[in-house]
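K.L.:
with the input below, show me the fold.
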Amino acid sequence: MAEPTREDMDLILRLYEMRREKTMRKARKFMIEEFYAESGADLMAKYGAGEKNAWFRQTTSYWDMVGVFVRRGLLNRELLFETAAEYHLVWIKVRAAVEDVRKMRNLPYYLKNLEDLAEAHKAFMEARAPGSSKFFAEMNKPPAAAKS
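P.N.:
Sure, this is the predicted structure:
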């Protein structure tokens, strides 16, 4: 992998600033602390409309966009992996629902960049510290179970 550039650093800082925006903070908090869907049907039943649906879309599309930057070589992958990991948890939390939505709506590439980013991050973590990605998998629990 190429060494990070000043432009990579500037983009990392800009992406961080975007995550601090008020609505984005609410969306991220919801996705980390409250969101739980076991299937596409569960996603639609619980979060099919309204503010929580908007928060789901805002968070997942944000990290999918970051995945595009990495895939296209516009952002140094290792620099991102060393400075952020939220996308990994977001993917684990949405994976089952997204896989169903892809089938239901014939959208095989829906959030594919987010998926690829999270899977690459998992491999990056495991290469550096085997077993370290287990933490993320353990966080995908219904909200009541996550708080106990």
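
K.L.:
quick one: mean pLDDT over stretch 102-121.
P.N.:
For stretch 102-121, mean pLDDT rounds to 97.

K.L.:
straight-line length of it, end to end?
P.N.:
22 Å (Cα to Cα, to the nearest Å).

K.L.:
buried residues in the lengthiest helix in the chain?
P.N.:
Counting residues, the longest helix found in the chain (DSSP state H) is helix 51-71. Within helix 51-71, the residues scored as buried using 16 or more other Cβ atoms under 10 Å are 52, 55-56, 58-60, 62-64, 66-67, 69-70. From N, CA and C alone the C-beta is placed, and that goes for glycine too.

K.L.:
run through who's touching that helix.
P.N.:
11, 15, 18-19, 23-24, 26-28, 30-31, 34-35, 43, 46-47, 74-75, 77, 80, 86-87, 90-91, 94, 98, 111-117, 120 (Cβ atoms under 8 Å, 6 or more residues apart in numbering).

K.L.:
just the buried residues of those residues.
P.N.:
Buried among the contacts of helix 51-71 by 16+ other Cβ under 10 Å: 11, 15, 19, 24, 27-28, 30-31, 35, 43, 46-47, 75, 77, 80, 86-87, 90-91, 94, 98, 111-117, 120.

K.L.:
roughly how far apart are E126 and F136?
P.N.:
11 Å (Cβ to Cβ, to the nearest Å).

K.L.:
how near is the spatially most central residue of the chain to G73?
P.N.:
Centroid-nearest residue in the chain: Y87, 2.7 Å away (criterion: Cα atoms, centre = their mean). Distance of Y87 to G73, computed by Cβ to Cβ: 18 Å.

K.L.:
can you pull the contacts of F81?
P.N.:
A120, H121, F124, M125.

K.L.:
redo that, cut-off 7 Å
P.N.:
Contact partners of F81, counting by Cβ atoms under 7 Å, 6 or more residues apart in numbering, are H121, F124.
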